[in-house]
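S.K.: Below: sequence and its predicted model.
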Amino acid sequence: MISSTSGARTLGRPAPADLLVGEAEITEAEIAREMLHHRMPTPEQSRAAAARALVVRELLRREIERLGLAAQAHAIGRETAEEACIRALIEREVADRVPAEEDCRRYYDRNRERFRSPDRIRVRHILLAATGDDFNGRLNARREAERLIGELMANVVLFAEFAMRYSRCPSRNQGGYLGWLQRGQTTPEFDRQVFRLGGGLAAFPIESRWGYHVVNIDDIQPGEALGFEAVREQISDYLELQARQCELQQYLHRLQQRYGVRGLDEIDAHAT
């Protein structure tokens, strides 16, 4: 039983804090609708993210109105009128800061280990197919994969023949050959496992959403260090984005001070 002192509390949780920008109230119904666009680990975190988004939108709306930008902003492409106004405001108030070359080079020197060409592996596989909801099928696929691995351990030259006979992947017609792979080119669970393997025949089946795989790593090419010129543009774009995000946060903080926001800190506190 919920005590009468709980007031608007639900299931023992704190009552929602009133959320206002200036004197304009952002209602719980508005927050609930906005939560659909903010999937988070907990409802409290989703509510806080939704509340922050609505506060930012209201702050920008008020500033657009104060500056009279609605008549000046013209939509581009599929922009809504609101999106066009926000873009015009941000372009006006938040400066682009292109980083100097020395800033880019300093970042490169401090983070050289990040700038490498991708690791590559040359892979063959045999797919013993089974859907994710077929428990018996997956158990049988695993046992069959283990049996094939046992036979291939004794005579790996049979790999192409076994691929033709047993694999349910189109690569069977090429002896199971998948070619050179980089991280991210296959399903995540397969990718994560095969890039941990050494060269040669894997001693255990690799599981994926498609079933179980017998895998042979024909070759491994570790990534090589990239020189500054090869990554200068990438670094410049990254530093420019970081600077712009910092400028935007400072600008939103100034708007919050100008118009006043109440209740957001309490909502954030309930999300921690």
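M.R.: Yep, it's here.
S.K.: what about the residue lying closest to residue 101 once chain neighbours are set aside, how many neighbours?
M.R.: Excluding the flanking residues, the one nearest residue 101 by Cβ to Cβ, 6 or more residues apart in numbering is residue 232, at 7.7 Å. In this view, the C-beta of every residue, glycine as well, is placed from N, C-alpha and C. When neighbours are counted by other Cβ atoms under 10 Å, residue 232 registers 14.
S.K.: got it, and the one 3 residues further on?
M.R.: When neighbours are defined as other Cβ under 10 Å, residue 235 has 21 of them.
S.K.: Which helix runs longest in this protein?
M.R.: As assigned by DSSP state H, the longest helix anywhere in the chain is helix 228-259.
S.K.: In that one, which residues are buried?
M.R.: Residues of helix 228-259 classed as buried under the neighbour-count rule (16 or more other Cβ atoms under 10 Å) are 231, 235, 236, 239, 240, 243, 247, 251, 252, 255, 259.
S.K.: Could you list every helix and strand that it packs against?
M.R.: Applying 3 or more Cβ pairs under 8 Å, 6 or more residues apart in numbering; DSSP states H and E, one finds that helix 228-259 contacts helix 43-67, helix 101-110.
S.K.: So which of those helices has the densest surroundings on average?
M.R.: Most buried of the helices and strands packed on helix 228-259 by mean neighbour count (mean count of other Cβ atoms under 10 Å) is helix 43-67; its value is a mean of 18.
S.K.: Just the residues contacting that helix, thanks.
M.R.: 19, 21-22, 24, 26, 30-32, 34-35, 37-40, 70, 73, 82, 85-86, 88-89, 92-93, 252, 255-256, 258-259, 261, 263-264, 267-268, 270-271 (Cβ atoms under 8 Å, 6 or more residues apart in numbering).
S.K.: what comes up buried for stretch 67-76?
M.R.: Applying 16+ other Cβ under 10 Å to stretch 67-76 flags 69, 73 as buried.
S.K.: Quote the end-to-end distance of it.
M.R.: 20 Å (Cα to Cα, to the nearest Å).
S.K.: Let me see the contact set for the closest residue to residue 138 other than its chain neighbours.
M.R.: In this structure, residue 138 finds its nearest non-sequential neighbour in residue 130, 4.3 Å apart by Cβ to Cβ, 6+ apart. For residue 130, the contact set (Cβ under 8 Å, 6+ apart) comprises 137, 138, 140, 141, 210, 211, 212.
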